[in-house]
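Please find the sequence and the predicted model below.
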Amino acid sequence: MLAQPATPTESGASEPESPSGDTAEASHQAPAGTAKAESQVASDAPDTSPAIELPIEELYFRSSDLDQQPYPLTSVAPSYPPHALLNEIEGWVRLLLMIDETGQIRHLEVLEGSPPGEFEDAALAAFRFAPFSPGRRAGAAVKSRMIIKVEFKSQDLQSARRE
């Protein structure tokens, strides 16, 4: 009989997250349906097959678990896309940033944007190489993840026209 994974319980302790947003837990079980899994269930004999090393996922703390939030060390101002400027389109983009303990962005991803396909490239280009002060937890620099909303508004349209 195979055991079902335990449901995580809520506690006051904060745990870091993996880049995918799931808690990182290593499973020592072979996938169901494989010959190894079936032979282990059918036999109580010790497993003598070589150990398989699982890749270790990097862990990133959520912004809410930090004592000090990461912040950009320089001004980050996305360029207004020419098509949107010409057609006076406003919008926004929500980005996921994975920042390491040195302040470098290790992963940058668009979560959503409105209108879709209009401002994503401009937001990504602006943040791709932006240096950050790392997030801190208990005084130490840690890997962290944050979600930011980049807005493209009419005042940006006006300043872009003047340039």
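That came through fine.

in this structure, which spans are helices?
35-42, 82-86, 120-127, 154-162 (DSSP state H).

Comparing those by mean pLDDT, which bottoms out?
Between those, the lowest average pLDDT goes to helix 35-42, which shows a mean of 38.

Below-threshold pLDDT in the chain: ranges please.
1-57, 156-163 (pLDDT under 70).

repeat that with 90
Along the chain, the parts satisfying pLDDT under 90 run over 1-58, 154-163.

roughly how far apart are Gly117 and Pro81?
As defined by C-beta to C-beta, to the nearest Å, Gly117 lies at a distance of 10 Å from Pro81. Just so you know, the C-beta spots here come from the backbone N, C-alpha and C atoms, and that holds for glycine as well.

what about stretch 121-136, how long is it end to end?
For stretch 121-136, the first and last residues are 29 Å from each other (C-alpha to C-alpha, to the nearest Å).

Can you give me the buried ones in that stretch?
122-124, 126-127, 130, 132, 134-136 (16 or more other C-beta atoms under 10 Å).

now the strands for this protein?
61-62, 71-72, 91-99, 105-114, 132-133, 135-137, 140-142, 144-152 (DSSP state E).

who wins for proximity to Leu85 among those strands?
strand 144-152 (9.4 Å; C-beta to C-beta).

okay, the angle between that closest one and strand 105-114?
40 degrees (axes from the mean of the first three to the mean of the last three C-alpha atoms, to 10 degrees).

Strand 144-152 - which strands sit beside it in the sheet, and in what orientation?
The pairing partners recorded for strand 144-152 under DSSP bridges are strand 61-62 (parallel), strand 91-99 (antiparallel).

Return the most buried member of those strands.
Sort those by mean neighbour count, taking mean count of other C-beta atoms under 10 Å, and strand 91-99 sits at the top with a mean of 20.

Now do that strand against helix 120-127, angle only.
Going by the same axes, to 10 degrees, strand 91-99 makes 40 degrees with helix 120-127.

what sits up against strand 91-99?
19, 60, 70, 84, 105-115, 118-120, 122-124, 127, 132, 134-135, 143-152 (C-beta atoms under 8 Å, 6 or more residues apart in numbering).
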